[in-house]
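Peer 1: Attaching a predicted model along with its sequence, questions to come.
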Amino acid sequence: HAELLAVGSVLFRSHVLREAFGTDDVLEHLKSQSEYKELLRKLEKLSKKINDVHEGHVRKAKFAGINTQRSQSWMAIQAGEPATALLDTPGSTPAAMPAAP
């Protein structure tokens, strides 16, 4: 049985490797796998940078004047305050209604 295994592994080695790793040989397969992992690491770093920049923009927008005003208006709506209370904020005068034809 050992002789048969030895002869079979020599004869069918390339077939077994082709099934395991595709048409490339083992070194090409490992190289492509390594390149894939390197690309994945770069994409993860890029994703982290994008998320950090986005978080900075979100923090900046949170304290911008219009967003603060919207937040106050939303809290007033949820508290059930009348709509006229929402117009008391500076610079929030309603637009004039167009004339009826």
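Peer 2: Cool, got the structure.

Peer 1: Show me what secondary structure element comes after the strand or helix carrying Tyr36.
Peer 2: Using DSSP states H and E, Tyr36 maps to helix 26-62. Proceeding N to C from helix 26-62, the next assigned helix or strand is helix 65-79, under DSSP H and E.

Peer 1: how far does that next one sit from the chain's center?
Peer 2: Here the centre of helix 65-79 is set off from its chain's centre by 29 Å, with Cα atoms, centre = their mean, to the nearest Å.

Peer 1: tell me which residues of that helix are tucked away?
Peer 2: Of all the residues in helix 65-79, those buried under the rule 16 or more other Cβ atoms under 10 Å are 73, 76. Using the backbone N, CA and C atoms, a C-beta is placed for each residue, glycine as well.

Peer 1: going forward can the numbers begin at 237, since that is how I track them
Peer 2: Okay, residue one is now 237; in that scheme the one you just asked about reads as helix 301-315.

Peer 1: what about that helix, average pLDDT?
Peer 2: If you average the pLDDT over helix 301-315, you get 82.

Peer 1: Mind giving me the packing neighbours of that helix?
Peer 2: Helices and strands touching helix 301-315, as assessed by 3 or more Cβ pairs under 8 Å, 6 or more residues apart in numbering; DSSP states H and E, are absent.

Peer 1: let's see 10 Å
Peer 2: Packing partners of helix 301-315 (3 or more Cβ pairs under 10 Å, 6 or more residues apart in numbering; DSSP states H and E): helix 262-298.

Peer 1: Next, the angle helix 301-315 makes with the helix it packs on.
Peer 2: Per axes from the mean of the first three to the mean of the last three Cα atoms, to 10 degrees, the angle that helix 262-298 makes with helix 301-315 is 70 degrees.

Peer 1: I'm done for today, thanks for sticking with me.
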